[in-house]
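Student: Got a sequence here, can you model it:
(2 chains)
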Amino acid sequence: MFDDIIQYLPYKSSFLFVDHITALDENGVTGDYTLNGNAFFYEDHFANNPVTPGVIITEIMAQIGVVVLGIYLVKSGNTKEAVRMDERSFPLLTSTDVSFFKMVLPGEKVTVTSKKLYFRFGKLKCAIEMRNEAAELVAKGMFSGMIRNFPVDERANG
Amino acid sequence: MDRQTVLTELKRVLAPYTEDKEKLNNITEDTDLLRDLQINSANLVDIIIDAESQYNIEIDNDSAEKMTNVGNSIDVILSKINQSA
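Tutor: The predicted structure is shown next:
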């Protein structure tokens, strides 16, 4: 329903973890992602026992809950924040605090719900939950992020 | 409220975001939040929000940009307290 916004995400193929956005307004977002059984990380995590890594769970929550909502807030213009996105912009995750409750296996569909706590001075902070298809809580946490512009020369020296 | 009181209270506001507790204990009005206390720049936003709730004030974007060192932060906090009084 709100899938158009996915085109603005700066991720490609193996690191894009958003399939659908089903609810989106200035206070929050809901979206889902189905884990691809052929994803690069399952071969090695763990050997002969594929389990979705916690960092990937965290990334799915961040992409849907912080990046999609952040891009929406910036693009909608319904905010006093003087933040803009252009081709040199990228989303920067500034902090996470996540608890994990259940494993996620290859092929599972997960749904992420994010509630905005604040968006001020360019920083978006959200309370985010992930649930599986049985609506069981998979992970829960607080996430913050900002949109950054890196000048080209700074990146070269970095 | 005097500057010394605000400085003492500011230490408590900064504490959760400062790794080096000794530097925090020895802050002066010239202490730079990013350079001297090595606070993560994204946490400056949390510090401003915590200061707002501590003093029941509202800090606008222009004022927030000035809050880079301890002395300037005290200036902003005191001027907002006086505005709302």
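
Student: C-alpha only now, for contacts and for neighbours.
Tutor: Will do.

Student: Name the helix or strand for residue 52, please.
Tutor: Just going to use chain A. For A:T52, there is no host helix or strand (DSSP states H and E).

Student: Hmm, no, I was thinking of chain B.
Tutor: Short version, using DSSP H and E: B:E52 is in helix B:41-55.

Student: Which neighbouring elements make contact with that helix?
Tutor: Here helix B:41-55 touches helix B:3-14, helix B:70-84, going by 3 or more Cα pairs under 8 Å, 6 or more residues apart in numbering or on different chains; DSSP states H and E.

Student: ok, and what's touching it?
Tutor: With Cα atoms under 8 Å, 6 or more residues apart in numbering or on different chains as the test, helix B:41-55 has contacts from A:94, A:120-121, A:123, A:145-146, B:10, B:13-14, B:17, B:34, B:57-59, B:64, B:77, B:81.

Student: what does stretch A:63-82 give?
Tutor: A:5-6, A:8-9, A:17-18, A:21, A:24-26, A:28-32, A:83-85, A:91, A:112-115, A:120-122, A:124-126, A:128, A:143-145.

Student: Where do the helices of chain A begin and end?
Tutor: A:54-62, A:69-76, A:152-157 (DSSP state H).

Student: Let me have those helices in CSV, adding mean neighbour count, distance to B:G71 and mean pLDDT as columns.
Tutor: CSV is the format used below for the helices of chain A (neighbours: other Cα atoms under 10 Å in any protein chain shown; distance: least, Cα to Cα, whole Å; pLDDT from 0 to 100):
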stretch, mean neighbour count, distance to B:G71, mean pLDDT
helix A:54-62, 20, 36, 98
helix A:69-76, 20, 32, 89
helix A:152-157, 8, 30, 47
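
Student: Make TSV out of these and add distance to B:D46.
Tutor: Shown next, in TSV, are the helices of chain A (distance: least, Cα to Cα, whole Å):
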stretch	distance to B:D46
helix A:54-62	19
helix A:69-76	17
helix A:152-157	26
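
Student: Quick one: closest of those helices to A:S99.
Tutor: Across the helices of chain A, A:S99 has its closest neighbour in helix A:54-62 (9.5 Å, Cα to Cα).

Student: Let's see that closest one as PDB, backbone CA atoms only.
Tutor: Only the C-alpha atoms of helix A:54-62 are listed here, as PDB (Å, rounded to 0.1, in the frame of the first residue of the first chain):
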ATOM      1  CA  GLY A  54      20.900 -11.100  15.200                       C
ATOM      2  CA  VAL A  55      22.700  -8.400  13.200                       C
ATOM      3  CA  ILE A  56      20.400  -9.200  10.300                       C
ATOM      4  CA  ILE A  57      17.300  -9.100  12.500                       C
ATOM      5  CA  THR A  58      18.600  -5.700  13.800                       C
ATOM      6  CA  GLU A  59      19.100  -4.500  10.200                       C
ATOM      7  CA  ILE A  60      15.600  -5.500   9.200                       C
ATOM      8  CA  MET A  61      14.200  -3.600  12.100                       C
ATOM      9  CA  ALA A  62      16.400  -0.600  11.300                       C
END
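
Student: so that helix versus helix A:69-76, what angle?
Tutor: With axes from the mean of the first three to the mean of the last three Cα atoms, to 10 degrees applied, the angle from helix A:54-62 to helix A:69-76 works out at 30 degrees.

Student: Run the chain-centre distance for helix A:54-62.
Tutor: The chain centre lies 7 Å from the centre of helix A:54-62; the measure is Cα atoms, centre = their mean, to the nearest Å.

Student: Counting by contacts, list what that helix packs against.
Tutor: Partner elements for helix A:54-62 (3+ Cα pairs under 8 Å, 6+ apart): strand A:89-100, strand A:123-131.

Student: Burial-wise, tell me which of these comes out on top.
Tutor: The highest mean neighbour count among these, using mean count of other Cα atoms under 10 Å in any protein chain shown, belongs to strand A:123-131: a mean of 23.
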